[in-house]
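Undergrad: Below: sequence and its predicted model.
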Amino acid sequence: MQQFVFRIGDALLLSAGMAWDVGWSLALGFILSGVIQAVVSQERMREAFGRDGIREIALATAFGAASSSCSYASAAVSRTLFKRGAALVPSLAFLFSSTNLVIELGIILYLLLGWQFMAAEWLGGVVLVGIMAVLVRVTYPAKLVEEARRFKEAGSGHEHASMPLEGSTIWQKLRNPHLPMRVAQTFVMDASMLWKDVLIGFLIAGLLGVFVPSSWWAAVFLKGSSPWLAVPANAVIGPIVAVLSFVCSIGNVPLAAVLWSSGISFGGVLAFLYADLIVLPLLDVYRRYYGWRMAAYIGTIFFVTVVLSGLFMDVVFRALGLVPSANNNIRAEVTHFSLNYTFWLNLVFGGLTIALIIMARRHPMQHDHATHAS
């Protein structure tokens, strides 16, 4: 019994380490979502991302890479883009790029897994967008897309919050004195919808990291088998583990490192990382945003995309001889807290989060009628 209690403590510590790594970027993502909803009109969304052309997809990809968001926050921003008039492929391209091409994710991958994984994540992010765009164009469900765009999010109050501020240009809206209040309201609304999903994700990932022995992972991922069997199998198994582990972008890097040290292939790790957008809580988020049919379509497209992308990147990096060796001390590294950049970023964004919550409570959303665009 005492040993079990100690292991629970280890699992909670691992969960805390994952949450610590992702905390500041999650707050940043929700803040960016609030700013976008406050300053970008439906007309401008249609103009920038209203088509499925290469220019629009590339612009959405660059926009996502610059957003530095966690999966849940990225889903909120992507929903805003889509329901403001953006086409489906650019909206989904933003999702992939905002969780795979961001700087902080690359830094964590470099620190925990090596530069090869950092490079594969960033290059793979572009591959993901390309494969996803082809799959959506081949299977494009026009009626379902329009149904999802009009879907009402019951009980979220999002229609009220999503009205942009007054001003003829984005610069004028950014200078609007009501902007911080609107961002605070949207921040609290989105966070209140998703915090339970995020918390459950970290707890499950911690439990998996501690209670599932390395020998079991080695068996699941066919460690020691022929690469002709293990590589494609891992590209499929990796996303399945990700779906069941619940944990979102950046926060799934520590668990990916645990899996890498336990025998999963290079492409399997990448497919696991790419699949942060189809974890069970996020699939439920898609259901809330777009309805269950569109959520099923997105989940299917994303699953096929991450499997093909993981397999492709594995073949390329193996051919180039760039697959690194595993790190067997990863659990100790994740649970080691220090005064590094993560500490200071969490301190800054933790303070911003508290300030936004206080502001939102002082200015409840239902009283904010005067700042709506006419």
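TA: That came through fine.

Undergrad: pLDDT below threshold where in the stretch 251-374 of the chain?
TA: 251, 327-334, 365-374 (pLDDT under 70).

Undergrad: quick one, helices of it?
TA: With DSSP state H, counting those that start in this stretch as the criterion, the stretch 251-374 of the chain has helices at 252-262, 266-274, 280-290, 292-319, 330-334, 341-362.

Undergrad: again with the stretch 51-200 of the chain
TA: So, for the stretch 51-200 of the chain - with DSSP H, counting those that start in this stretch - the helices run 54-67, 71-83, 88-100, 103-112, 115-139, 142-149, 158-161, 170-174, 179-211.

Undergrad: Quick check: buried residues in the fourth one?
TA: Of the residues in helix 103-112, those scored as buried under the neighbour-count criterion (16 or more other CB atoms under 10 Å) are Glu104, Leu105, Gly106, Ile108, Leu109, Leu112. To be clear about C-beta, it is placed using only N, CA and C from the backbone, and glycine gets the same treatment.

Undergrad: now it, how far from the centre of its chain.
TA: Here helix 103-112 is found 15 Å from its chain centre; the criterion is CA atoms, centre = their mean, to the nearest Å.

Undergrad: Counting by contacts, list what that helix packs against.
TA: helix 115-139, helix 252-262, helix 330-334 (3 or more CB pairs under 8 Å, 6 or more residues apart in numbering; DSSP states H and E).

Undergrad: what's the answer for the longest one, then?
TA: In terms of contacts (3+ CB pairs under 8 Å, 6+ apart), helix 179-211 is packed against helix 2-39, helix 71-83, helix 158-161, helix 227-245, helix 252-262, helix 280-290, helix 341-362.

Undergrad: could you point out which element follows that helix?
TA: helix 214-220 (DSSP states H and E).

Undergrad: quick one: average pLDDT of that following helix?
TA: The pLDDT scores in helix 214-220 average 80.

Undergrad: pull the CA atoms of it into CSV?
TA: Extracted C-alpha coordinates of helix 214-220, given in CSV (Å, rounded to 0.1, in the frame of the first residue of the first chain):
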residue,chain,number,x,y,z
SER,A,214,8.6,0.0,-20.1
SER,A,215,8.3,-3.7,-21.0
TRP,A,216,4.6,-3.3,-21.8
TRP,A,217,5.3,-0.3,-24.1
ALA,A,218,8.1,-2.3,-25.8
ALA,A,219,5.6,-5.1,-26.5
VAL,A,220,2.9,-2.8,-27.8
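
Undergrad: Next up, the contacts around Tyr274.
TA: Phe96, Asn100, Gly124, Leu128, Pro239, Thr305, Val306, Ser309, Gly310 (CB atoms under 8 Å, 6 or more residues apart in numbering).

Undergrad: Tell me which of the helices and strands packed on helix 103-112 sits nearest to Phe30.
TA: Evaluated over the helices and strands packed on helix 103-112, closeness to Phe30 peaks at helix 252-262, with 18.5 Å, by CB to CB.

Undergrad: Extract the C-alpha trace of the closest one and format it as CSV.
TA: Extracted C-alpha coordinates of helix 252-262, given in CSV (Å, rounded to 0.1, in the frame of the first residue of the first chain):
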residue,chain,number,x,y,z
ASN,A,252,2.5,15.6,-24.6
VAL,A,253,6.3,16.0,-25.3
PRO,A,254,7.3,14.5,-21.9
LEU,A,255,5.1,11.5,-22.4
ALA,A,256,6.5,11.2,-26.0
ALA,A,257,9.9,11.1,-24.5
VAL,A,258,8.8,8.3,-22.1
LEU,A,259,7.5,6.3,-25.1
TRP,A,260,10.7,6.9,-27.0
SER,A,261,12.8,5.6,-24.2
SER,A,262,10.4,2.5,-24.0
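
Undergrad: Now do that helix: distance to the chain's middle.
TA: Distance, centroid of helix 252-262 to centroid of chain: 17 Å (CA atoms, centre = their mean).

Undergrad: just stretch 102-111 next, same as before
TA: Computed by CA atoms, centre = their mean, the chain-centroid distance of stretch 102-111 equals 14 Å.

Undergrad: And stretch 278-287, by the same measure?
TA: 11 Å.

Undergrad: Same question for stretch 7-17.
TA: Worked out by CA atoms, centre = their mean, stretch 7-17 lies 22 Å from the chain centre.

Undergrad: buried residues in that stretch?
TA: Those buried within stretch 7-17 under the rule 16+ other CB under 10 Å are Asp10, Ala11, Leu13, Leu14, Ser15, Ala16, Gly17.
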